[in-house]
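Kindly return the folded structure for what I paste below:
(one chain, ligands or ions: 1)
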Amino acid sequence: MVPIRENLVPKDKYAIKCPYTRTPTRVVIHNTANDAPAANEISYMRYNDLEISFHYAVDDVNIVQGIPENRNAWASGDGHGKGNMEGIHIEICYSKSGGEKFDKAEQNAAEFTASLLKKYGWGIDKMTKHRDYDGKYCPHRTLDRGWQRFLSMVKRYMEPAKTPVASKFTPYLIRKNCRDALNIRKGPSTNYGILGQIKDTLRYTIVEERSGPGSHKGWGRLKAGGWIAMDWVKKA
Ligand SMILES: [Zn+2]
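Numbers count the residues shown, from 1 in each chain. Presented below is the predicted three-dimensional model:
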């Protein structure tokens, strides 16, 4: 996730910007209807004396926080209603003109929203939009492009990262297929030291394969320990 930077409203402005402590119950999504980066949106919000505020602004490269999550904001036009009083308000930047920066900002906001939902143990039903509270067509560009689409983006970020399934290796037997003694090395390359040698033509079990310098066919790990160059063996 892109970095989160803090530029919190000074305490002497709490009375204007975020007078109430509360426990948040939801996320409220907005679009800025502007083409400014997140840092500017937050510093402008901090600087003016309007009863307009929001917790986070997200752009293409970072997330900037202006208000602590345990305080209210004046963002969704519903007075002392649930939007203002209980929402964590997220403004997605660059929504006026759209384009690549907005695309990235929206993606970053989806990932960040997913992290908030996870942090609070909330489901996707705790994701709301400004429009739900006072009917304003906000987040305008996100709505134009499809609210369900944005919800799906958030859902994808909530899924645990898929770990690649380790392919199951089936051990097999080999026999030395050269006249000389075959070196057993500490690792899968001729750069590793020699642990011992195979001099006989008995069968040995290979339990892992790797590529590495010094053998065209790669290296095989012996069940008993150590690696041999597969150029000099045949399946048995
Ligand atoms: Zn809004």
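
Am I right that Tyr44 sits in a helix?
Yes: secondary structure assignment (DSSP: H, G, I helix; E, B strand; the rest coil) places Tyr44 inside a helix.

Excluding sequence neighbours, find me the nearest residue to it.
Using C-beta to C-beta, 6 or more residues apart in numbering and skipping the chain neighbours, the partner closest in space to Tyr44 is Ala36 (7.6 Å). C-beta: built from backbone N, CA, C; applies to glycine.

neighbours of the one you found, just the number please.
Ala36 sits with 16 neighbouring residues when counted by other C-beta atoms under 10 Å.

Tell me how far it lies from Gln65.
16 Å (C-beta to C-beta, to the nearest Å).

got it, and Ala38?
Note on Ala38: its distance to Gln65, by C-beta to C-beta, is 9 Å.

Need the overlap of contacts for the two.
Residues touching both Ala38 and Gln65 by C-beta atoms under 8 Å, 6 or more residues apart in numbering: Tyr56.

Neighbour count for those two, which is higher?
Neighbours per residue (other C-beta under 10 Å) separate Ala38 from Gln65, with Ala38 holding more: 28 against 18.

from what I can see the residue nearest to Tyr44 touches Glu91, true?
No: distance between Ala36 and Glu91: 10.2 Å, which falls outside the contact criterion (C-beta atoms under 8 Å).

Can you say which helix or strand has Ser189 in it?
Secondary-structure element containing Ser189, defined by DSSP states H and E: none, the residue being outside all helices and strands.

Which pLDDT does the model give the closest residue to Trp219 other than its chain neighbours?
Nearest residue to Trp219 in three dimensions, chain neighbours excluded: Pro188, at 3.5 Å (C-beta to C-beta, 6+ apart). The predicted structure scores Pro188 at 96 on the pLDDT scale.

Would you mind listing the residues in contact with the residue nearest to Tyr44?
For Ala36, counting by C-beta under 8 Å, 6+ apart, the contacting residues are Tyr44, Cys93, Tyr94.

Contacting the ion as well, which ones from those residues?
Contacts with the ion are made by none of the contacts of Ala36, judged by C-beta under 5 Å from the ion.

Out of those, which is nearest to the ion?
Nearest to the ion, judged by C-beta to the ion, of the contacts of Ala36 is Cys93 at 12.4 Å.

wait, that closest one sits on Ala39?
No: because the distance of 9.5 Å does not satisfy C-beta under 8 Å, Cys93 is recorded as not touching Ala39.
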